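1. Could you work out the structure for the sequence below:
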Amino acid sequence: MRKFLLFLLKSIAYGLALAFVLLWALPAFNHLSLPRLHSSANDKLPAPISYNHAVRRAAPAVVNVYTRSTLVDPRALRPRTIERQELGSGVLMSAKGYILTNYHVVYGADHIEVALQDGRWLEAVLIGQDKMTDLAVLYVQADNLPAIPQDPELKPQVGDVVLAIGNPLNLGQTITQGIISANGNTGLSSQGSYRDFMRMDAAINRGNSGGALVNTNGTLVGINAAAYQLENQDVQGIFLAVPYKLALNVMQKIIKHGRVTRSYLGLAGDAVLNASGERLTSSGQLLYGIRITAVSVNGPAAEAGIQVDDIILEMDGQRFENVQAALNLIAETPPNTKVQLTIERNSQRLTITAVTREVI
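-> Numbers count the residues shown, from 1 in each chain. A predicted model of the protein is given here:
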């Protein structure tokens, strides 16, 4: 019993001593802070991701395009004219008043007006158009015109974020966002289809055609053209734009000549890896040359003596990166120009002179 009491007294004494120590040290705990479960209203949050800077740079140069045309109603028993109105978008490419839009926006129009984002309405003149690239050039005369930011050295990449600016459904200027899903060509050899155009998933609706596709700096990447469609198939998320360099090239030719001229040699070919004609199957493989698979009868290549299975290595001393680059180089050569083709035939190298012709 005595031992139990001693044990009990010792326990009480230790407890009192511990309590005294804790009470003496308690003020020090006031300087400590426990982790907060909730952020206070004064905490600074990271800035939200925004493309406002890009929009402010590019949007003033994107105009609304309105057209009127007079047609004869084919359904009427007696000749009757009807007026058709269409809408689209356009891009002010220079402060001098040149505007890029789509061919299908202004085709057949009798009267064209553009509305600027600052409230001005201007009558536009059609300078020229190019059906193959679905582009047209307009001109307006006014002061203080905003031009879209441009970079001739820009090389858009698949995966880049892009913004489409236009006037969909005449709702007013609207921005949609997406990424580039496939790059397009940069030359003039488009043969009237969209297969070589830039593909992206920034939504394009009626009225967006001819508007600007810009990157997150507001720099022009392309001219919005169309939504990819297949008959009896529901295609979503694939939209098309004319690449900037192609659009600029076409615009400059239209301004200078009133139209776009293209040349051809009348041949078709496959990219090959070596002199044996092994086909190139990957973009990572190095192009050896272009093996000719077909030569048009009475075409420039046939007249020059080019034959099927010849491998074209160079044109005027310039090698090709791919078949598309070769077609672009030929297309952009002025018609009736003599070109030197370095070819390989039966393990021998030859130089053949051909004369380009204009595509009609």
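2. CA only for contacts and neighbour counts going forward, please
-> OK.
3. tell me the average confidence for stretch 125-143?
-> Mean pLDDT, stretch 125-143: 95.
4. tell me which residues in that stretch are buried?
-> 125-131, 133-140 (16 or more other Cα atoms under 10 Å).
5. same check, this time on stretch 301-314
-> Buried residues in stretch 301-314 (16+ other Cα under 10 Å): 301-303, 306-314.
6. Looking at the residues you listed, which are in strands?
-> Of the buried residues of stretch 301-314, the ones assigned to strands by DSSP state E are 311-314.
7. of the residues you listed, closest to residue 75?
-> Nearest to residue 75 out of those is residue 312 (Cα to Cα; 54.7 Å).
8. Give me the distance between the two termini of stretch 168-176.
-> 10 Å (Cα to Cα, to the nearest Å).
9. What lies in contact with it?
-> The contact list for stretch 168-176 (Cα atoms under 8 Å, 6 or more residues apart in numbering) reads 64, 87-88, 163-167, 202-208.
10. how close does the most centrally placed residue in the chain get to residue 215?
-> Of all residues in the chain, the one closest to the mean position by Cα atoms, centre = their mean is residue 222, 4.0 Å from it. Distance of residue 222 to residue 215, given as Cα to Cα: 9 Å.
11. Next: residue 65.
-> 22 Å.
12. coming back round to it: in helices, which of the contacts of stretch 168-176 fall?
-> Of the contacts of stretch 168-176, none are assigned to helices by DSSP state H.
13. Now intersect those residues with the strands, please.
-> Mapping these onto strands (DSSP E) picks out 64, 87-88, 163-166.
14. Residue 47: which of these is nearest?
-> residue 163 (20.0 Å).
15. my guess is the closest one contacts residue 201, does it?
-> No: using Cα atoms under 8 Å as the test, residue 163 is too far from residue 201 to be in contact (9.6 Å).
16. Poorly predicted segments of the stretch 1-150 of the chain, please.
-> 1-42, 76-77 (pLDDT under 70).
17. about what we covered before: next, format the ones in strands among the contacts of stretch 168-176 as a markdown table and append neighbour count and distance to residue 268.
-> Below are those laid out as a markdown table (neighbours: other Cα atoms under 10 Å; distance: Cα to Cα, whole Å):
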| residue | neighbour count | distance to residue 268 |
| --- | --- | --- |
| 64 | 27 | 41 |
| 87 | 23 | 39 |
| 88 | 27 | 37 |
| 163 | 29 | 36 |
| 164 | 29 | 35 |
| 165 | 32 | 38 |
| 166 | 33 | 38 |
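18. helix or strand for the residue nearest to the centre of the chain, which one?
-> Assigned by DSSP states H and E, residue 222 belongs to strand 220-227.
19. now do residue 125
-> strand 121-130.
20. Contacts for that strand, please.
-> 103, 111-116, 135-141, 250, 254-255, 258-260.
21. Parallel or antiparallel, list what pairs with that strand.
-> In the sheet, strand 121-130 lines up against strand 111-115 (antiparallel), strand 135-139 (antiparallel) (DSSP bridges).
22. still on that earlier bit, need the buried residues of stretch 301-314 in TSV (columns: pLDDT and distance to residue 330).
-> Formatted as TSV, the buried residues of stretch 301-314 follow (pLDDT from 0 to 100; distance: Cα to Cα, whole Å):
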residue	pLDDT	distance to residue 330
301	94	12
302	94	15
303	95	16
306	95	15
307	94	18
308	94	18
309	93	19
310	94	17
311	94	16
312	95	13
313	93	14
314	93	11
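23. nearest to residue 356, of these?
-> Within these, proximity to residue 356 (Cα to Cα) peaks at residue 301, which comes in at 8.5 Å.
24. The closest one: what's it in contact with?
-> Counted by Cα under 8 Å, 6+ apart, residue 301 has contacts 265-267, 295, 354-355.
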